[in-house]
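S.K.: coords below, sequence missing:
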């Protein structure tokens, strides 16, 4: 397996870079790692002219199984270096149909891990979600390209920091070891939601069956109407909560 670290920051040795380097250093052998510093390249969008710099980057992306995307949060948003990279790569993320929608191709089913840092305090980030837009931008770009998300890492209170705390080093190292085990490339989200629906349905039948023993008036069509309405309402609410916690709620500390 090949793991590619992509650093979208102005400084090669900043605190965000240190998080990325710690993750890469923890990837166990024989897996290969490489760090791609975007500022080393003159990245431009495809305009019909030769684009050798983007060609080189694309080749590295295709050859890698896992991408680690590291970029600081500036003024509540993704750094311009990383955003420019996404904008210029957009035409190569997949196949465009007649409506302009992107259909994943060469990058489909690879995995990615997101890293960011911000000056915001931990408490403020938890309450306001200062880094949420950064992660949302990364997730949107990766979703268009067909990648599967692994995890998020965030460092708060980064102003003036030159070294990572031991706790943050341990967290980064832990995910460096874990990410090498992400060999399964299919996204089972739909399958899990189907399984969840049947689990809810079975539990509803058992629950309503017990209620029927307690309240014999729940008979015939009335019983199955109660079961059906309970399953639908409970499943919709549960699915919404799970979606919020896994897809909308981002890591903030």
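M.R.: That came through fine. Computed from a predicted model, the values in this text were never measured in an experiment.

S.K.: neighbours around residue 32, how many?
M.R.: 13 (other Cβ atoms under 10 Å). The way it works is simple: take the backbone N, C-alpha and C, and place the C-beta from them, glycine included.

S.K.: wait, isn't it in contact with residue 5?
M.R.: No: counting by Cβ atoms under 8 Å, residue 32 does not reach residue 5; the two are 11.5 Å apart.

S.K.: show me the helices in the stretch 1-150 of the chain, by range?
M.R.: 15-26, 52-63, 80-89, 122-128, 132-145 (DSSP state H, counting those that start in this stretch).

S.K.: and the ones you listed, which one is worst for confidence?
M.R.: For the helices of the stretch 1-150 of the chain, the weakest mean pLDDT is recorded on helix 122-128, namely a mean of 91.

S.K.: any idea how far it is from the middle of the chain?
M.R.: Per Cα atoms, centre = their mean, to the nearest Å, the displacement of helix 122-128 from the mean C-alpha position of its chain is 20 Å.

S.K.: ditto for stretch 5-13
M.R.: So, by Cα atoms, centre = their mean, the centroid of stretch 5-13 is 19 Å from its chain's centroid.

S.K.: who touches it?
M.R.: Residues outside stretch 5-13 that contact it (Cβ atoms under 8 Å, 6 or more residues apart in numbering): 16-17, 20-21, 23-24, 33-39, 67-72, 78-79, 81-83, 85.

S.K.: now it: buried residues?
M.R.: Judged by neighbour count (16 or more other Cβ atoms under 10 Å), stretch 5-13 contains these buried residues: 5-9.

S.K.: and that stretch, how far apart are its ends?
M.R.: Distance between the two ends of stretch 5-13: 14 Å, counting by Cα to Cα, to the nearest Å.

S.K.: check stretch 144-162 too.
M.R.: Start-to-end span of stretch 144-162 (Cα to Cα) is 34 Å.

S.K.: tell me the buried residues in it?
M.R.: For stretch 144-162, a neighbour-count test (16+ other Cβ under 10 Å) marks 144-158, 161 as buried.

S.K.: tell me which of the helices of the stretch 1-150 of the chain sits most buried.
M.R.: By mean neighbour count, with neighbours taken as mean count of other Cβ atoms under 10 Å, helix 15-26 ranks first of these at a mean of 21.

S.K.: ok now that helix, how far from the chain's centre?
M.R.: Worked out by Cα atoms, centre = their mean, helix 15-26 lies 18 Å from the chain centre.

S.K.: repeat for stretch 70-79
M.R.: Going by Cα atoms, centre = their mean, where stretch 70-79 is centred and where its chain is centred differ by 15 Å.

S.K.: then stretch 142-158?
M.R.: Chain-centre distance of stretch 142-158: 4 Å, with Cα atoms, centre = their mean.

S.K.: circling back: out of the helices of the stretch 1-150 of the chain, flag the one nearest residue 222.
M.R.: Nearest of these to residue 222, taken as Cβ to Cβ: helix 132-145 at 43.9 Å.

S.K.: could you give the angle of the closest one to helix 52-63?
M.R.: Per axes from the mean of the first three to the mean of the last three Cα atoms, to 10 degrees, the angle that helix 132-145 makes with helix 52-63 is 80 degrees.
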